[in-house]
Structures are given as C-alpha cells and as structure tokens.
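In: following is a predicted model, sequence given first.
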Amino acid sequence: MAGFAELGLSSWLVEQCRQLGLKQPTPVQLGCIPAILEGRDCLGCAKTGSGKTAAFVLPILQKLSEDPYGIFCLVLTPTRELAYQIAEQFRVLGKPLGLKDCIIVGGMDMVAQALELSRKPHVVIATPGRLADHLRSSNTFHIKKIRFLVMDEADRLLEQGCTDFTVDLEAILAAVPARRQTLLFSATLTDTLKELQGLATNQPFFWEAQAPVRTVEQLDQRYLLVPEKVKDAYLVHLIQSLQDEHEDWSVIIFTNTCKTCQILCMMLRKFNFPAVALHSMMKQKERFAALARFKSSIYRILIATDVASRGLDIPTVQVVINHNTPGLPKIYIHRVGRTARAGRQGQAITLVTQYDIHLVHAIEEQIKKQLEELVVEEARVLQILTQVNVVRRECEIKLEAAHFDEKKEINKRKQLILEGKDPDLEAKRKAELAKIKQKNRRFKEKVEHTLQQQKASRAGHRARPPRAQPGSHTAPAPTQGPA
Ligand SMILES: Nc1ncnc2c1ncn2[C@@H]1O[C@H](COP(=O)(O)OP(=O)(O)OP(=O)(O)O)[C@@H](O)[C@H]1O
C-alpha cells in the first residue's frame, strides 16, 4: 500500500504525519491527495472518522509551502467548534512552515478578528455567517486571491436547515476568485451532489468510499423501544450501567432541543453523573469550556444538540446515545459517527418510542443495515422510574423559573433582526408554512389511503368499506394537489 511519500507529499509533511502517528494514508487520503496536488477540484465522500480533514489539509500545506502568501486558503465549516478543530490540524501539520491561521466564528470579538484578518493569515477557517459579516463591514482584507476554497461538511453548508447559510455563502462566493481549487468534503455528500458539482467545475475529481453499509463496521448499532414517558428512566439506567461496567467510559447524548439538552444535563447532575451540556443557547465561551472539559475527561457525559453532531473528533467517546430518534437518516449517520472513529470500536444506542418506528425504518434503509434491539433489565428501570420523573419535573420547574423559553425567544428575535428580517413577519410566515405542510401531509395520507383501497379491491380482496361518518363520503381518487 502506498505511503504518504508515494502520494506526492514532500518529506517534511511525511515527517509531520509520522510524528502525529499517521503511518499509512486512509483510503480517502489515498484517493484525494494526488488529485488535489494535480490542481483538480475535489469532492470527497467518506465515512465518519475516516480522515477527511487530513485529506485536504496535507495537499494544501504542500502547495502553500511552494508559494506562500496570505490569504491562501479559506475553509468554511458549519459550526464554531469544528472551525477550531480544523485550525488545530492545520497548525500541527503545518508547524514547520510557521503557518499563520485565523479563526473567524460567531460569538467572538469582531474587532480582534478584523485585526487578525488584516494581518494576512495563510489560512482562514470560518463559519459562513461571521465571515460574511466581515466582508460586508470591512475593507481591510480581501479573499479575492485565495488558491483554495474548502467546504467541510459541504452538504450541511448548502442545505437549508435551522441555520440557513445560503445568503452568507452567496456573499462569500461573490468575493472569492473564479480561478481557484474547490474542495468539498462530507460523509453524506451524495444527497446534495448536484448543487455541489456546480461549485467544483475545475476537472472535478469525485471520490466516494465503496461500501455496502454507510456507517462504520466497528460500530455496534442498537435501538431500545421505550414508551415516551419512561425514556429518561431508561437513560439514567443506561448511564448507570456504563459507569458500573466500565472504568474508562465516555458518552455523548444527543437531544433534539436546547431545552431538553439543558434539562437532561441538570437531571443527570442531580444523580451525580459527571455531565456537561453543549447547545446554541450557551455563550460561546461556555461552549468551548464544556467541550474542553469533556475532551479532557473531567466530564464523562456530553449532552448536546446537533451543534455537536458533525465533525467533532473526540477519540475517547465509546458510546453515542440518541435521546430522540433523528428525523433524518443523514443526521443519524453524523451523530453516531462521533464514536468508532479511525478504526476504534464504538456503540450507538437510539431510544425509539412507538411514534418513531418509521424513522428507524428510514434510517435502516439509508445506512443499509438493521439496528439490533438492546435488551435491558426492565425491573431495574422500574425501580428508578418515579425518582427519575420527580427529579426531571424539579429540573423543568427550575429551568422555567430561569425563564429559559423567554431567553430563547429573545435570542431568536435578535438573530432575525441581525439577518435583516422582521421577527413578527417571520413568525407569521412560519405559521403559514406549517399550515401548508400540514395540509399537504393530510392530502398525501388521503391519496395513499385511496390508492391502498384501490389496490386491495383490484387484488380481489373483499375489504370491508370504511364505515361512513355522518355527513361524510369516501373520497374519490384525487387528481391534483391542494391549492
Ligand atoms: N492516515 C491516518 N492514520 C491514522 N489515523 C488518522 C489518519 N488520518 C486521520 N487520522 C485520524 O482519524 C481521526 C478522524 O479524522 P477526521 O476528523 O479527519 O475524520 P472525518 O473523516 O473528517 O470525520 P467526520 O466525517 O466525522 O468529520 C482523527 O483523530 C485523525 O487524527
């Protein structure tokens, strides 16, 4: 198998890899590094924890060493924590170069950042929102001569999730030169491939890991069917078992909202578990501190929203627990990818309620693997059930007293105002959108129901007709969608 030197990397970079303990290139590195060194755009799609970061950092450092100037490379990434992690890889691998990097993310001092940008760092690692703010408000730096544009977690940057980067990306893309190398990486690129291909047009090289399953082999994937009301008792039981059975343990628990994240953290602490929260309602300094304490094993449990689901590389994490079943398979893939990284073993446990079974089926279909049921001693869960529910209620009351919801609402409104939107108009628009979605959903269900009925009657089944409701009739097969 080819080593780093055979990929065309200079001896100083090969030595840096050796010092870091990277002995052999991973498949995504083998595939992408030579193409990037040749000057081609690159779209790299490989499983979580497979070394995609070094696949772009190494060739960029090599090119930078041949013709150093600032600003040479711009890396965009969806979360602030990830920006710091990527910067660290640039710093460590690029140490012999005396590399100057600059991290531009929200929640940090803008003036200090503007000053750093004006000093022409070689590499800028940024979240789109804050970089776009600088581009709009400052003329002390420019990115019109960059050689490389990297979009890490590229599909997330392009999709319109709860944080929508589209407008900021447009501003950034208008400021970078057309003649550049564009490198796009993610474990789930294929879903947005068409949009991404529009960005990488310079002899694009597409590398995708060929594997029957989309998650890593060393990952043991389980589900636990639990009634909604006893979910937290199961969670406490799982954590207790982990603590009892393993000396060196570390777990990330993913939740669907900041509020649940905060409540679970308070609740687990009441049970004396070493837990720390990470979500977007926290101040940036608190977020960094929480992550640092978790990384250094001061806390064994990180409870996080999806702000931590992508890219974070914490090798000690042995278990990922999904407190809610992710609504999208893609989110599941990234969340469970926080364990079993770089060839290590890991376990993912997804708590599934009776309402989420269809989500599990969608996940299984996408990852091409069935989750196995996790068996737990129900009697032990029942023993702690009342206590857990009482503690949870106490935590909820405490959080309500701290006006968590109001703070969240104020934060949301502030964000919208910063984006130049009217918060009241936005709320109205959202409500209308939800109405339309609900109408569409009902319509779809009706169509499916009618089709099923037709299929059954065609198959000669003597299906009993639905009992007529007073004043209702069986709907005919619809021919067009709702207005
Ligand atoms: N050639 C290599 N040999 C051994 N370990 C490696 C190699 N390249 C990278 N690693 C290590 O593998 C781990 C995962 O790498 P990285 O964070 O780049 O994964 P990724 O593919 O970007 O994952 P994700 O999709 O979750 O962001 C890191 O700790 C990194 O140091």
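Out: Sure thing, it's come through.
In: look at the most centrally placed residue in the chain and give its secondary structure.
Out: Nearest to the mean C-alpha position of the chain, by CA atoms, centre = their mean, lies Arg310 at 3.1 Å. Arg310 falls in the coil class when you classify it by DSSP: H, G, I helix; E, B strand; the rest coil.
In: and stretch 217-231, what's buried?
Out: Leu219, Asp220, Gln221, Tyr223, Leu224, Val226, Val230, Lys231 (16 or more other CB atoms under 10 Å). C-betas here are computed from N, CA, C, even on glycine.
In: go on, stretch 266-285?
Out: Neighbour-count burial for stretch 266-285, counted by 16+ other CB under 10 Å, picks out 266-270, 273, 275-282.
In: and what of stretch 350-368?
Out: Thr350, Leu351, Val352, Thr353, Asp356, Leu359, Val360, Ala362, Ile363, Glu364, Gln366, Ile367.
In: thinking again about what came up before, which members of the buried residues of stretch 266-285 occur in helices, if any?
Out: Among those, the members found in helices (DSSP state H) are Met266, Met267, Leu268, Arg269, Lys270.
In: so what's the first one up against?
Out: Applying CB atoms under 8 Å, 6 or more residues apart in numbering to Met266 gives the contacts Cys395, Lys398, Leu399.
In: distance of it relative to the ligand?
Out: 29 Å (CB to the nearest ligand atom, to the nearest Å).
In: what residue ranges in the chain score low on pLDDT?
Out: 1, 161-162, 403-422, 460-483 (pLDDT under 70).
In: contact residues of it facing the ligand?
Out: When proximity is defined as CB under 6 Å from any ligand atom, the chain approaches the ligand at 22, 24-26, 29, 46, 48-54, 187, 311, 313, 315, 337, 341-342.
In: just the buried ones from these?
Out: For the residues of the chain next to the ligand, buried by 16+ other CB under 10 Å: 22, 25-26, 29, 46, 48-54, 187, 311, 313, 337, 341.
In: the residues you listed in helices, which ones?
Out: Those of these lying in helices (DSSP H): Gln29, Lys52, Thr53, Ala54.
In: ok, which pair from those is furthest apart?
Out: The two members of these with the most space between them (CB to CB) are Gln29 and Thr53, at 9.8 Å.
In: which helices and strands sit right next to the lengthiest helix in the chain?
Out: Identified as the longest helix of the chain according to DSSP H is helix 423-458. Using 3 or more CB pairs under 8 Å, 6 or more residues apart in numbering; DSSP states H and E as the contact criterion, the elements in contact with helix 423-458 are helix 404-418.
In: Phe56 is in contact with Phe185, correct?
Out: Yes. Using CB atoms under 8 Å, Phe185 is in contact with Phe56, at 6.3 Å.
In: off-centre distance for the longest helix of the chain?
Out: Going by CA atoms, centre = their mean, to the nearest Å, the spacing between the C-alpha centre of helix 423-458 and its chain's C-alpha centre is 28 Å.
In: out of the ones in helices among the buried residues of stretch 266-285, who's nearest Pro212?
Out: Leu268 (36.9 Å).
In: who's in contact with the closest one?
Out: Val236, Ile239, Ala275, Ile301, Ile303.
In: neighbours around the first one, how many?
Out: The criterion is other CB atoms under 10 Å. On that basis, Val236 has 23 neighbouring residues.
In: mind listing what it touches?
Out: Counting by CB under 8 Å, 6+ apart, Val236 touches Met267, Leu268, Phe271, Ile384, Val388.
In: switch the cut-off to 6 Å
Out: Residues near Val236 by CB atoms under 6 Å, 6 or more residues apart in numbering: Val388.
In: for Gln383, see how far away it is.
Out: Distance of Val236 to Gln383, given as CB to CB, to the nearest Å: 11 Å.
In: cool, and Asn272?
Out: For Asn272, the distance to Gln383 - CB to CB - is 17 Å.
In: now do Arg392
Out: From Arg392 to Gln383 the distance is 16 Å (CB to CB).
In: more neighbours, the two?
Out: Arg392 (19 against 12).
In: for that one, list the residues it contacts.
Out: Counted by CB under 6 Å, 6+ apart, Arg392 has contacts Asp232, Met267.
In: what are the phi and psi values at it?
Out: Taking degrees, to the nearest 10, you get phi -60, psi -50 for the backbone angles of Arg392.
In: quick check: closest non-adjacent residue to the residue in the stretch 101-250 of the chain positioned nearest to the ligand.
Out: Relative to the ligand, the nearest point of the stretch 101-250 of the chain is Ala187 (4.1 Å; CB to the nearest ligand atom). Counting by CB to CB, 6 or more residues apart in numbering, Ala187 lies nearest to Thr48, which is 4.7 Å off, once chain neighbours are set aside.
In: now that neighbour: phi and psi?
Out: phi -60, psi 140.
In: my guess is Ala277 contacts Cys265. True?
Out: Yes. Applying CB atoms under 6 Å, one finds Ala277 in contact with Cys265, separated by 3.9 Å.
In: for those two, list the residues in contact with both.
Out: Common neighbours of Ala277 and Cys265 (CB under 6 Å, 6+ apart) are Ile303.
In: Arg214 in helix, strand or coil?
Out: coil.
In: and the gap between it and Ala175?
Out: Distance from Arg214 to Ala175, by CB to CB: 35 Å.
In: hang on, the earlier thing: and the buried residues of stretch 217-231, which two are the farthest apart?
Out: Leu219 and Val230 (26.2 Å).
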